[in-house]
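Visitor: I would like to see how this sequence folds:
(chains A and B)
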Amino acid sequence: MATDTLVRRTPARSGARPAKHAVGLGTRMRRNWQLYAMLAVPLIWLAIFAYWPMYGAIIAFKDYNVVDGILGSRWVGFKHFERFLESYQFGRLIKNTLVLQIYELFATFWPPILLALGLNMARRKWYRRSVQLITYAPHFISTVVVVGIIVVLVDPNTGVLNQFLGLFGAGPIDVLNNPDYFRHLYVWSSSWQTMGFSAIIYLAALTSVSPELHEAAIVDGASRLRRVWHIDLPAIRPVAVILMILNIGTIMTAGFEKVLLLQNTLNLQTSEVLDTYVYKLGFASQVPQFSYAAAIGLFRSVIGLVLLVLANTLARKFAKSSLW
Amino acid sequence: MSVAIDTASAPAPVQETRSDRIVMICNYTALGLFTLAVLYPLVYVLSASLSDPKNVVSGKVWLWPVGFSIESFKAVFDYDSIVTGFSNSVLYAVGGALLATVLTLFAAYPLSRKGLPGKGIIMALFVFTMMFSGGLIPSYLVVDRLGLLNSRWAIVLPAALAVWNMIITRTFFQSTIPEELVEAAKVDGCTDFGFFWRVVLPLSKPIIAVNLLFYAVAQWNSWFTALIYLTNEHLFPLQLVLRQIILQSQFDPSQVRDTAELIRMKELQEQLKYSLIVIATIPPLLVYPFVQKHFVKGAMVGSLKG
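Guide: Prediction:
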């Protein structure tokens, strides 16, 4: 991210007002009061809806009850964390979360790259246009609808998948209620949905490649595939690394809504992840266990943050590009 | 294949080798397959929604509608919760997008200005929330504490700013509003408010369009906030109604005794899902080709320099 310092860098081209960098901080702040006034609105929002919940997360270390509120409830230290680490759910939740997200990372990583390379290579404008227009479209479809489409496609009685299997005499498969299929269903539908949209960013990187590079390579007799390998791929590598980092950082959180929608009592074995468990503890159980649920949520957030920092460090070291 | 040079980035070679031509044919084929794979489920759902209910249930629909019928669409509009859900969603999408776009511009513009004291710290405060959050339960407690539960504000306010959009918008300002312009306006006695209103906003139509689209689509598609913050069914957005009808009907054993009636209802109920999917998908897809140009431009600006 941009590293703007508090102190204004000495302006190189301020001939008209040479004494600018000598103006005091207070004066400069007063001079910009209208900018601060604008900023105040979003900052208040940020304080209420982003930082207040962070403060509220201290209930993970308390026994929260509605009467005493966040501050008044009794401190219990790491009780809830210990309870979670020792519970039989712990291993399964971590495994399900990680397997699902790493599988998704894999399935959503390479298709957009292939698509972008292919689009960049294609020279017929109408073809590029229509491929792009169609492949972006699923990005705008809601999770509920995507899951709805899955449900109707794989319906054991009427779905087109089982009608198709029926042609070959294969029996109907109840894909939705089978824990073995949950991950594939989840991951490849995500890939279907995000492929076209993620390709935009790679395409942008590819269009910034100077045509002269390609011309020179052609003169040297490089084939089309060679040019993809030696010119196009290196051009998108930094973007790919950054996106990978971002995705690793969200590995503990991403896709929770779709998991919840695809989940049912029969596929819980593979579909129960940290976030769905937190949701159930807090909202879908007879006695809401806010503190315990908040502890699991906090545990998840902290691991996510650590992963992000780790991925960024690795990327800076090995790939020479990073988020900050 | 030796066509005149298109505007595509890869220049056409003078003459193509045989292997290059094969690669090109494979490429066009692969792109076509990718596209068909994306398109098929959408076309299938659309066709099924327009077919005769009997043919949907018996699996005669493969690609095109079989026995054209719009009966299920009529049924959809007779369903009260769908109609209220639809109008609620429109309200949330329009109101939410306007509010969020204003907030985003207010955050992004000052933060795009060079040499604003404290800018680095404020920016860090925003970015940190992308990496760490208090979590679901504490957020719920905040909304509860503010007394917003079961009101329309619970849907709109917590989603009133997305930091990622703010960063994209800020990058747009940095690359389109030169500092010299600000200086010149100041010399002429223009205030920051005046400059924002008279210069920045007119220059920022593309990014405003992108923001409105992003936020409206996000609101239109959201359901989970409504699930936890709302219990009053009259406030439910369409997506929540969809979830009830499409995803939860599965586990609802039908109470109907009469077999003939049961079969008829079951048929229509199955098809109702298809037509509902179509209705919920159309609004965002209708908007998007119009703003697509801006939107790709905006997304690229953000991704390249963000």
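Visitor: Low-confidence regions, the stretch 101-250 of chain A specifically.
Guide: Scanning the stretch 101-250 of chain A for pLDDT under 70 picks out no residues.
Visitor: Is there proximity between stretch B:213-225 and chain A?
Guide: Yes - counting by Cβ under 8 Å from any Cβ of the partner chain, chain A is contacted by stretch B:213-225 at B:217, B:220-224. Every C-beta, even on glycine, is put in place using the N, C-alpha and C of the backbone.
Visitor: count of residues packed around B:L91?
Guide: Using other Cβ atoms under 10 Å in any protein chain shown, the number of residues around B:L91 comes to 16.
Visitor: one step back: which one of the residues of stretch B:213-225 next to chain A is nearest to chain A?
Guide: Proximity of the residues of stretch B:213-225 next to chain A to chain A (Cβ to the nearest Cβ) peaks at B:N221, which lies at 3.3 Å.
Visitor: which one is the most centrally placed residue in chain B nearest to, not counting chain neighbours?
Guide: Residue closest to the average C-alpha location in chain B (Cα atoms, centre = their mean): B:V217, at 2.7 Å. Once flanking residues are discounted, B:V217 sits nearest to B:P284: 5.0 Å by Cβ to Cβ, 6 or more residues apart in numbering or on different chains.
Visitor: just checking, the one you found touches A:P138?
Guide: No - taking contact to mean Cβ atoms under 8 Å, the distance of 10.7 Å between B:P284 and A:P138 leaves them out of contact.
Visitor: Kindly state the pLDDT recorded for B:A154?
Guide: In this prediction, B:A154 carries a pLDDT score of 92.
Visitor: tell me which element it falls in.
Guide: helix B:153-156 (DSSP states H and E).
Visitor: any bit of that helix sitting next to chain A?
Guide: No - on the criterion Cβ under 8 Å from any Cβ, helix B:153-156 is out of touch with chain A, staying 11.1 Å away.
Visitor: Sort out which residues of the helix or strand following that helix are buried, please.
Guide: Taking DSSP H and E as the definition, the helix or strand that follows helix B:153-156 towards the C-terminus is helix B:163-176. Counting neighbours by 16 or more other Cβ atoms under 10 Å in any protein chain shown, one finds that the buried residues in helix B:163-176 are B:163, B:165-174.
Visitor: Which secondary structure state is assigned to A:T97?
Guide: Following DSSP: H, G, I helix; E, B strand; the rest coil, we place A:T97 in the helix state.
Visitor: quick one: which of the residues of stretch B:213-225 next to chain A sit in strands?
Guide: Counting by DSSP state E, these place none of their members in strands.
Visitor: out of those, which are buried?
Guide: Neighbour-count burial within the residues of stretch B:213-225 next to chain A applies to B:217, B:220-224; the criterion is 16+ other Cβ under 10 Å.
Visitor: show me the residues around the residue nearest to B:V217 that make contact.
Guide: Listed by Cβ atoms under 8 Å, 6 or more residues apart in numbering or on different chains, the contact set of B:P284 reads A:140-142, B:216-217, B:220-221.
Visitor: Let me know the secondary structure of it.
Guide: At B:P284, secondary structure determined by three-state DSSP is helix.
Visitor: list the contacts for residue 39?
Guide: In the absence of a named chain, this looks at chain A. For A:L39, the set of contacting residues under the criterion of Cβ under 8 Å, 6+ apart consists of B:106-107, B:110-111, B:122.
Visitor: To clarify, I was referring to chain B.
Guide: With contacts defined as Cβ under 8 Å, 6+ apart, B:L39 is in contact with A:I134.
Visitor: One more: B:R198?
Guide: For B:R198, the contacting residues are B:C190, taking Cβ under 8 Å, 6+ apart as the criterion.
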